[in-house]
Each structure stands twice: as structure tokens, then as C-alpha cells.
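# build me a model from this:
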Amino acid sequence: MYSTLAGAKDTAKQLHRILNASGVIFALAKCQAAVARAGGFQDWHQLSECLKLQNKTRPLFDFWAALIDALPAPCHLPVRSYLRSRDRVGLGTPKEPVIAWVRDIVPYCASLETIHRKHSAILMPGSGKGQRLRLDIVSGLLLNIEGKGDFAPRLDPETLTIVLRGDPASLLPGLSRKAEFEDELARLIAAGIIQLREADTAIFPPPDRGLQNEIIRRAQSWNIQKEPSIKHLEIDQPLAAQLRLQLELELELELELELDREESGPKVQHQDIDYRGVTLSSRFCVAAEFDTMRAVVDVMGPTVRPRVSSIWCDSRACAVYSVEIRLGMNCTALADDIHASFLGATSGFNGLTVNHGESLVFFHPEWPEFDSGDGELMASG
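Next comes the predicted model:
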């Protein structure tokens, strides 16, 4: 979080770089306005006036979450992805680098193509001669049907307009050889679907706000894993025996899990609660575990607690905890401060994981009182 005008400018430039790397068209002035609103100011002018004369100490709060809320929906994933990976620790190096515009822009291209195909009258069957070619032009531009190697779409997150470098003929060299290409392209331009801009081609969404919301919804759910189709096959005797064994093992594990649940102590009705801004969760809803996690939160200082999003206790493993840091609020030594909070409020733990996006810090089991007791026994022996 910035506390000076220079810091606010740097934050706005950083946001502009993040969005630009993903192919999101969002001017620096708009980044400045979003940074100002996220910081509690009405606009950039008010921010400048307040911070110009003095460096103002600002209370700790979830600035990045507020910034994401101040941005259009297509900007959310690029910013969250940046926050998840910027201090990546503990999980090794990714096998393949993510091409940001493929992750962040292509879903909007595909969603826009689907909405145009289903709802734009000039592209639907029955719209008259040239319908197939008009649809091929729009689909070809949005989906890179002809496989252009330099295809790199950009997105205006406020209008959901897709912008491509080049004119339609250069983007669709095969299709442009058709005699009717220029005539049907002109009809698409007249219908407000395509616009030619100097060296660029823009494809607009339908003006209906409901359809624009549908484009966003489809794009946001694009990468959700779909349930695989059910395969039907003949089961032979060896496979049947294997399936029976697997079922027996699953039943045994289910019984073991239920026994673990029964033996874990008195329960509460809720699986998670909000306590002082931190979500506390217990696998088996164990009352004592919630008491322990409340004590940990109480011990956390004012520079630690606001950064913590949630604490989860694995009842089955007993005293194994996972702490999630709010995206963008990690800082040097925060994991150590959380570790100290657990040792200050409890007698120890069997494992503690502190997560921030793709960063992970793990603390091995520690039971200070038990360990010191062993040491005294060994010394007296």
C-alpha cells in the first residue's frame, strides 16, 4: 500500500505493466484512477492533493483486494495471477511459462464469437445472402481460424472490444480471396460489429448489456475443468475383482474416517467461522480446534492479523494447520511471525503451512514443552 504520491504513481505504473503484459487495453490514467479509489480517494486529483504536501501513514488493509474491486471484470485475473506468482517459493519452477494473453484474452475471444454466433441477427441463418461468409469472417478473426503465427489479440475491458493488429484481409488471407469478401465485410462494418482503425481491426460485442455480462461469465468459467464423459465398457472377471477390492478399501477408509471424526472430541454445528476478520475452519468441526485457532488470532499483532485470510485445521492429522495470506499482503518474515503466533498461543503443532498464492512455507512439527521435558530427562540420566 502506498503512503506517498511517488508510491501511488509507482503502483499505477505497476498495474499498467501487469495489464499491458496480458493484452488488456487500460490507459495509465485509468490505472491511476483505480489506484486512487482502492486507496479510499475519490479520484487521482484528490489523492495527489492529499499526498503532495505530506507523507501520510495509512492503516494496514487489503489494498489489492480493493484494487481488484475497482477494476473491470476482465482485469481481475491478470492482477490475481500476478499476485499469486510474484513471490513464488516452495513449489519449484513451473514447467512451462504462461503466455498471459492466452490465459487472459483468448477466453474473451471465444466467448464473444459464441455470443455473436447465437445472437447477432446479421450472422444467423436466415439473414440473407452471404450469411455464411459473414460468420466466417467474424469467427476467423476472433478464433484465428487461418492460424496466423503472430496472432495476439488485445481486449478493452470496459467495452469488451477485441482489437487485432492488421486489417481483415491480412488477418484472413485465404478468406479474403473470395469475391464477396469486401461486400460482406462492409455489411459487418455497417452493422457495428467490425471497425477498421488505421493499422488495427476491432470487433465489438453486441450492445445489449445482458449479452455482455454473458460474455464475461463465459470467459471467467472458461478454464473450469469440465466433468469427463462417462465411458461404458464390458467388465471382465479380473477387472470386476479389482473393482470389488477397491470398493472394500473405500469402505474401510470411510469407516476409519468416521472413527477419526468420533474420536476427535466435542463438535460444533459450523465448519467455519469468521473471527476478527479471519476465517477459521476445522475438517471435523472440532470445538477445541476452533478455541485454539481463536487464541492464535488473538496473539497476532496489528501488522499480522489483517494480512491473514484463513486458518484451517486438519482434524484427522491432529494439530496440523494451514494458513492462507491475503493476495498481495505477504511481506518479509510474515511466515515467521505467524509461526511465532502459533507457538505463543498453543503448546505446539504437528505441521504448519503458510500459503500466499504460489508461495509456500512449511514448518515441521514443534512441541517446545515436550522437547524441553525430554532434554531434562536426558540430562538427569
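# quick check: Gln32 touching Gln14?
No - under the criterion of C-beta atoms under 8 Å, Gln32 is not in contact with Gln14, lying 11.5 Å apart. For glycine as for every other residue, the C-beta is placed from the backbone atoms N, C-alpha and C.
# any residues in contact with both of those two?
Residues touching both Gln32 and Gln14 (C-beta atoms under 8 Å, 6 or more residues apart in numbering): none.
# between these two, who's got more neighbours?
Between Gln32 and Gln14, Gln32 has the larger neighbour count (other C-beta atoms under 10 Å), namely 22 against 13.
# and the more buried one, what helix or strand is that in?
With elements taken from DSSP states H and E, the one containing Gln32 is helix 28-38.
# same check, this time on Ala179
Take DSSP H and E as the rule and Ala179 turns out to sit in neither a helix nor a strand.
# just the pLDDT for it.
The model reports Ala179 with a pLDDT of 95.
# hang on, the earlier thing: by contact count, what packs against the helix holding Gln32?
Applying 3 or more C-beta pairs under 8 Å, 6 or more residues apart in numbering; DSSP states H and E, one finds that helix 28-38 contacts helix 5-21, helix 44-52, helix 63-69.
# which one of those lies nearest to Phe362?
helix 63-69 (24.2 Å; C-beta to C-beta).
# the helix holding Gln32 vs helix 44-52, what angle?
On the basis of axes from the mean of the first three to the mean of the last three C-alpha atoms, to 10 degrees, helix 28-38 is oriented at 70 degrees to helix 44-52.
# chain center to helix 28-38: distance?
Centroid displacement of helix 28-38 relative to its chain, using C-alpha atoms, centre = their mean, to the nearest Å, is 21 Å.
# can you pull the buried residues of it?
30-38 (16 or more other C-beta atoms under 10 Å).
# looking at it, Arg326 is touching Val304, isn't it?
No - at 11.6 Å, Arg326 does not count as touching Val304 under the criterion of C-beta under 8 Å.
# ok, the closest residue in space to His364 that isn't next to it in sequence - contacts?
Distances taken as C-beta to C-beta, 6 or more residues apart in numbering put Gly351 closest to His364, at 7.1 Å, once the chain neighbours are dropped. Listed by C-beta under 8 Å, 6+ apart, the contact partners of Gly351 are 317, 319-321, 362-365.
# one more: Leu19?
26, 31, 75, 78-79, 157.
# nearest residue to Phe349 in space, please, no chain neighbours.
Ala319 (4.7 Å).
# and the gap between that neighbour and Asp298?
18 Å (C-beta to C-beta, to the nearest Å).
# can you check Glu214 too?
If you measure Glu214 against Asp298 using C-beta to C-beta, the figure is 46 Å.
# and Asn20, by the same measure?
Using C-beta to C-beta, Asn20 is found at 43 Å from Asp298.
# which of those two has more neighbours?
Neighbours per residue, other C-beta under 10 Å: of Asn20 and Asp298, the larger number sits with Asn20, 16 against 13.
# sec struct for the residue nearest to that one when sequence neighbours are not counted, please.
Leaving aside its chain neighbours, Asn20 sits nearest to Phe26 (7.8 Å; criterion: C-beta to C-beta, 6+ apart). Counting by DSSP: H, G, I helix; E, B strand; the rest coil, the backbone at Phe26 sits in coil.
# hang on, isn't Phe26 packed against Arg154?
No - if you go by C-beta under 8 Å, Phe26 and Arg154 don't touch, sitting 10.2 Å apart.
# ok, the two, which is more surrounded?
Phe26 (23 against 18).
# pLDDT score for the more buried one?
Predicted confidence (pLDDT) for Phe26: 98.
# what of Gln225?
41.
# over to Trp44?
For Trp44, the pLDDT comes out at 95.
# thought it was touching Ala33?
Yes - in this structure Trp44 lies within contact range of Ala33 using C-beta under 8 Å: 5.5 Å.
# C-terminal to the host helix or strand of Asn355, what's the next element?
Element membership for Asn355 (DSSP H and E) is strand 351-356. Scanning forward in sequence from strand 351-356 by DSSP H and E, the next helix or strand is strand 359-363.
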